[in-house]
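Enquirer: Let's see this in three dimensions:
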Amino acid sequence: MDMVAVLTELERQHETVLAVKIFEVIKKQDWHTPDVFLYKDLIIALARCKKMDEAMKLWESMRKEDLFPDSQTYTEVIRGFLNDGSPADAMNIYEDMIKSPDPPEELPFRILLKGLLPHPLLRNKVKKDFEELFPEKHAYDPPEEIFGRL
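Expert: Below is the predicted model of the structure:
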């Protein structure tokens with residue numbers, strides 16, 4: 001990564017942290033009403049900045065407001081945990097997604113299926129659910145010589 005890219009990433013992270021601080025002040029105002037789209041934008045920004053602890057604090061706050069994430073939010077948080085090397089946390093978000101009142105979409109499953117290739121037991125559970133929910137779709141399985149028998 002060159003110096004310009006590093007500085008750009010640091011600036012993006014700083015802006016995201018600042019936005020979250022402003023949001024925390026706004027939430028305390030009498031006129032504030034919970035907005036799932038604001039939560040979504042902040043959670044996704046934090047996940048993309050690899051600030052998963054902060055993203056999960058907002059996630060919990062959102063859930064306490066009886067707001068539910070959409071497919072894009074699930075996708076980005078799952079991706080964030082997988083990129084962070086936390087497949088168990090990604091699976092916790094997956095379980096939340098399965099229980100959500102909105103039917104899950106295909107993309108979060110595909111992100112999980114790819115990210116869980118080194119974890120065949122977890123991947124097989126997700127694959128089974130994927131095939132039940134999307135029977136007309138195909139879940140790619142890599143050749144055995146890459147990751148062993150799935």
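Enquirer: Output the below-cut-off pLDDT ranges for this structure.
Expert: 1, 3-7, 9-10, 143-150 (pLDDT under 70).
Enquirer: tell me the secondary structure for A139?
Expert: Classification of A139 using DSSP: H, G, I helix; E, B strand; the rest coil returns coil.
Enquirer: and the longest helix anywhere in the chain, what other elements does it pack with?
Expert: Using DSSP state H to define each element, the chain has its longest helix at helix 3-27. For helix 3-27, the packing partners by 3 or more C-beta pairs under 8 Å, 6 or more residues apart in numbering; DSSP states H and E come out as helix 36-48, helix 52-64. Any C-beta I mention is one placed from the backbone N, CA and C, and that applies to glycine too.
Enquirer: Give me whichever of those helices is most buried.
Expert: Compared across those, helix 36-48 shows the largest average neighbour count, a mean of 19 (mean count of other C-beta atoms under 10 Å).
Enquirer: For stretch 18-25, buried residues please.
Expert: 20, 23 (16 or more other C-beta atoms under 10 Å).
Enquirer: how much distance is there from that stretch to the middle of the chain?
Expert: 20 Å (C-alpha atoms, centre = their mean, to the nearest Å).
Enquirer: pull the CA atoms of that stretch into CSV?
Expert: What follows is stretch 18-25, C-alpha atoms only, in CSV (Å, rounded to 0.1, in the frame of the first residue of the first chain):
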residue,chain,number,x,y,z
LEU,A,18,-16.1,11.2,14.3
ALA,A,19,-19.5,10.4,12.7
VAL,A,20,-20.2,7.8,15.4
LYS,A,21,-19.4,10.4,18.1
ILE,A,22,-21.8,12.8,16.5
PHE,A,23,-24.4,10.1,16.3
GLU,A,24,-24.0,9.3,20.0
VAL,A,25,-24.7,13.0,20.8
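Enquirer: Let me see the contact set for the residue most central in space within the chain.
Expert: Geometric centre of the chain, nearest residue: V77, 1.3 Å, by C-alpha atoms, centre = their mean. Contact partners of V77, counting by C-beta atoms under 8 Å, 6 or more residues apart in numbering, are 43-44, 47, 52, 55, 59, 69, 93.
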